[in-house]
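Engineer: quick one: sequence plus predicted model below, questions after.
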Amino acid sequence: MRLLTHNMLSSNVKGVVDGFPLRLEAEKWVEKEVELNADFLRHIFPKIEWKALASAARAVGYGELPDEAFVAMLDSEDFLRRFHHALLEIHVEEGALVCPDTGRRFPINKGIPNMLLNEDEI
């Protein structure tokens, strides 16, 4: 699971008021090189919840993202490389996503988050 995916997921358990961002508990992750596409990064930037991305990156030991980010930072090649690495090159293989409201754990196995709900959670 890329951190891009993490940034788009939330808990849909019945009764959850604030299911985003899910806390990332990464047990195993790998880095996979991906060609940098600056246009894609500039396009996706407004859709990214920055604090959630920075927090998830720190959960896997990547502390190279600033706490806050602004559109003007997209003009920096260094910032684009860091943003690209966190968003697209870090892959969480094993771990869990945890609902901030209920503590419900969604497992990540072989890079795939299991967001399926039990009958009583629908």
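Structural biologist: The structure has been received and is ready for your questions.

Engineer: quick check: beta-bridge partners of the closest residue to residue 22 other than its chain neighbours?
Structural biologist: Nearest residue to residue 22, sequence neighbours excluded (CB to CB, 6 or more residues apart in numbering): residue 97, at 3.9 Å. No exception for glycine: its C-beta is placed from N, CA and C like everyone else's. Taking DSSP bridges as the rule, residue 97 bridges to residue 24, residue 106.

Engineer: is it true that residue 97 touches residue 112?
Structural biologist: No - counting by CB atoms under 8 Å, residue 97 stays clear of residue 112, with 11.4 Å between them.

Engineer: assign a three-state SS to residue 92, would you?
Structural biologist: Secondary structure assignment for residue 92 (DSSP: H, G, I helix; E, B strand; the rest coil): strand.

Engineer: renumber starting at 42 from here on
Structural biologist: OK, 42 is where the count begins now, so the last one is residue 133.

Engineer: was I right about it contacting residue 70?
Structural biologist: Yes - Residue 133 is within contact range of residue 70, at 4.7 Å (criterion: CB under 8 Å).

Engineer: neighbour-wise, which of the two wins?
Structural biologist: Neighbours around residue 133 and residue 70, counted as other CB atoms under 10 Å, are more numerous at residue 133. The numbers are 26 against 20.

Engineer: which residues does that one contact?
Structural biologist: Neighbouring residues of residue 133 by CB atoms under 8 Å, 6 or more residues apart in numbering: 42-44, 47, 65, 67, 69-70, 101, 149, 152.

Engineer: picking up where we left off before, what is in contact with residue 133 and residue 70 at once?
Structural biologist: Both residue 133 and residue 70 are contacted by residue 101, under the criterion CB under 8 Å, 6+ apart.

Engineer: now do the strands in this structure.
Structural biologist: 64-72, 131-139, 146-150, 153-154 (DSSP state E).

Engineer: residue 160: which of these is closest?
Structural biologist: Closest approach to residue 160 among the strands of the chain is made by strand 146-150 (16.0 Å; CB to CB).

Engineer: remind me, longest helix of the protein?
Structural biologist: Longest helix in the chain, counting residues (DSSP state H): helix 91-100.
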